[in-house]
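[1] Structure of the sequence below:
(2 chains)
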Amino acid sequence: MSDVTTLGVSARAEGGRRDLSRETSEGAQELASRRRTSEGEVRREVGSVLRIPEGRVLDSSDIASEVPEDQTMIINMGPQHPSTHGVLRLMMELDGETVLRTKPVIGYLHTGMEKTGEELTYVQGATNVTRMDYLSPLTNELVFSLAVEALLGVELPPRAVWVRMLLSELQRISSHLMWLATNGMDVGSTTMMIFGFREREMLLAFFEKTTGLRMNHNFIRPGGTAADLPGGWDDDVSVICDTVLARLGDYDELLTGQPIFRERMEGVGSITAEEAIALSATGPVLRSTGVPWDLRRSMPYLAYDQVDFDVIVGTYGDNFDRYALRLNEVRESVKIVRQVVEKMPDGDYRVQDKKVTPPPRARIDESMEALIHHFKIFTEGFKVPAGEVYQAVESPRGEIGCYMVSDGSSKPYRMHIRAPSFVNLQSLPVMMRGGLVADAVATISSIDPVMGEVDR
Amino acid sequence: MTAEAPRWLPEGLPPGIALSTSTLDQVVLFPDRGSYHAAVAACAAGGFEILADLCAVDYLTHPGRSLPAGEGNEPLVPERFEVVANLLSMAARRRLRLRVQVPESDPVVDSLWDVYPGAEAMEREAYDLFGIVFAGHPDLTRILMPEEWEGHPLRKDYGVGRVPVQFKEAPGPR
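    Residues are numbered from 1 along each chain as shown, chains lettered A, B, ... in the order given. Predicted coordinates for the structure are as follows:
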């Protein structure tokens, strides 16, 4: 670490000639050449750069750790590669076209959102977390709100719970459609890209109608939601459900049975259940290996224990399983959404606790106290009892968790988001090992990393 | 303050670990630094398959928290840092949290990497943002911040770097 720093300094001091490769170096964070890596470390890294302890999971006989260095090449993919879903940088050691070692280098989108979260009140906090996973912002808001509500000890009215459930399932559909689109793009199907974006557009239009924004909604807030659902929401949602379901059939026709697509996806990027569990993977990555772990079913939150749906699992843990799993999860989400439309209870969409909830807009015009109350909540925020809590929900990408520590003030003392993409990225080197560099793009895509959430 | 230990706690935990049930009946163990690794290993062997989350907290400006006492032990002394590991048992559908106190003068704690390989990135993140060293970690480097960055941003004595709002009357930047 220190020699890199001095190199960078001296490069700049050399009469203004800039050495970009030194200035942009990430030093020890990068994948080192074999010469600079100890033998044991290379053996671990070849097994998986994610360094599974020896003898733990991988069968080491099929690992060629003794490749002469002049036969291999370390190349960078990203951070500005169009197929890395943002600013993910992968360093890969290649032997011809075969990937020997991979190491993700991240942090290019790090904006210190956890630090920012400590400076914002609980009222403002949702606007911060919603920007982390920008493909499923409502899920981020949900886990943040659940953590705050757990510390506050407030009980939500049933309608708020069901509205939240409706929105998270629609969010899951929209996120998976986006994934189908980009994954189609990554394996060369521009048609799928257009299709996925087209269907997602309907959902974004519904979100805009409901929350006012297409993304970064700040709609699910501690204490309920920002507003009630708009008039005619049930008709909109039914249309969305019917259309999405019909179009899923089109996708099946376009991709699922298509020989070229299957060739590119089947048996590529596989991971076993044991490896996925050891690497803390959750969500579709874990379920594709056959582990039926879905927080909605296993540790129900909101009212998921009152709706009927199936947990989709794969068998081989390869890219095709992850594709088929997400496609079918959209079908299950549609099923849930239809039940939510049927069972949506009447009542209040936010808790009537004067401490947490601002007064209704109409009251502000006629009552001085309501105006003061409103002003106080939005400037000072509300105080949350001291304590600490971990809440987790199933985001489209896996378990998103929020560990929150309160010191009794109106700002979280510590707000940590357990980002599913960040943790799932650890399984990437295992999936890539021994594969072709041409499949790297499809494998990255099958994890569905959202860099905003990885780097936070 | 020490709560009743639930019957499902894994066997083989080092003796004298304090325990509390915090918000929402979430069970929290408070091993000391010496028994932290052994406690986690016992949990891993006792059915907690997944390390769901690992993060650190800097209690610099919120020091006065009370910690429970283990059986036959003095109450734990709150230190500046705390490493928090959230374990998950998929078979029993349970979560278990471990909080270990890490002093400012010697911010070193055992790495969980050999028990849970998934701890790798999370411990790197805690090292990067808090400067806590995880002994036994295979590649303890910065992960989110640039390599030549100085300081650990999530520490409470690290400034936020806020730019003050410029009002009309205030002197401008030029």
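
[2] For chain B, which element, helix or strand, carries the lowest mean pLDDT?
    Least confident helix or strand of chain B, by mean pLDDT, DSSP states H and E, is strand B:18-21 with a mean of 78.

[3] Sheet-wise, list the partners of that one with their directions.
    For strand B:18-21, the pairing partners within the sheet under DSSP bridges are strand B:27-30 (antiparallel).

[4] list the contacts for the one residue in chain B that gets nearest to chain A?
    Nearest residue of chain B to chain A, counting by C-beta to the nearest C-beta: residue B:118, 2.9 Å away. No exception for glycine: its C-beta is placed from N, CA and C like everyone else's. Applying C-beta atoms under 8 Å, 6 or more residues apart in numbering or on different chains, one finds that residue B:118 lies in contact with A:278, A:279, A:280, A:281, A:423, A:426, B:50, B:51.

[5] residue ranges with poor pLDDT in chain B?
    B:1-4, B:22-24, B:71-73, B:162, B:164-174 (pLDDT under 70).

[6] Please, where are all the strands along it?
    Under the criterion DSSP state E, strands of chain B are mapped to B:18-21, B:27-30, B:50-58, B:81-89, B:94-102, B:108-110, B:133-135.

[7] contacts for the second one?
    The one in question is strand B:27-30. Surrounding strand B:27-30, the residues in contact under the criterion C-beta under 8 Å, 6+ apart are B:3, B:6, B:9, B:13, B:17-22, B:39, B:67-68, B:70, B:76, B:95-101.

[8] again, but for stretch B:127-141
    With C-beta under 8 Å, 6+ apart as the contact definition, stretch B:127-141 has outside contacts at A:1, A:27-29, A:41, A:44, A:51, A:114, B:56, B:58, B:81, B:83, B:102, B:107-114, B:120, B:123-124, B:126, B:142-145, B:147, B:152-155.

[9] Buried ones from those, can you make that a PyMOL selection?
    Restricted to the buried members of these, where burial is judged by 16 or more other C-beta atoms under 10 Å in any protein chain shown, the PyMOL selection command reads as follows:
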select buried, (chain A and resi 27+29+41+44+51+114) or (chain B and resi 56+58+81+83+102+107+109+110+111+112+113+114+120+123+124+126+142+143+144+145+147+152+153+154+155)
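
[10] For residue A:109, find the nearest of the strands of chain B.
    strand B:50-58 (19.1 Å; C-beta to C-beta).

[11] Off-centre distance for the closest one?
    Going by C-alpha atoms, centre = their mean, to the nearest Å, the spacing between the C-alpha centre of strand B:50-58 and its chain's C-alpha centre is 5 Å.

[12] Next, see if that strand gets close to chain A.
    Yes - contact of strand B:50-58 with chain A (C-beta under 8 Å from any C-beta of the partner chain) involves B:50, B:51, B:52, B:53, B:55, B:57, B:58.

[13] now that strand against strand B:94-102, angle please.
    30 degrees (axes from the mean of the first three to the mean of the last three C-alpha atoms, to 10 degrees).

[14] Could you tell me which residues within strand B:50-58 count as buried?
    For strand B:50-58, burial by neighbour count (16+ other C-beta under 10 Å) applies to B:50, B:51, B:52, B:53, B:54, B:55, B:56, B:57, B:58.

[15] how about the residue of the stretch 251-400 of chain A found nearest chain B, secondary structure?
    Of all residues in the stretch 251-400 of chain A, the one sitting closest to chain B is residue A:280 (2.9 Å; C-beta to the nearest C-beta). Under the three-state scheme (DSSP: H, G, I helix; E, B strand; the rest coil), residue A:280 adopts coil.

[16] ok, back up a step: could you measure from the residue of chain B closest to chain A over to residue B:49?
    In this view, residue B:118 and residue B:49 are 10 Å apart by C-beta to C-beta, to the nearest Å.

[17] I'm done for today, thanks for sticking with me.
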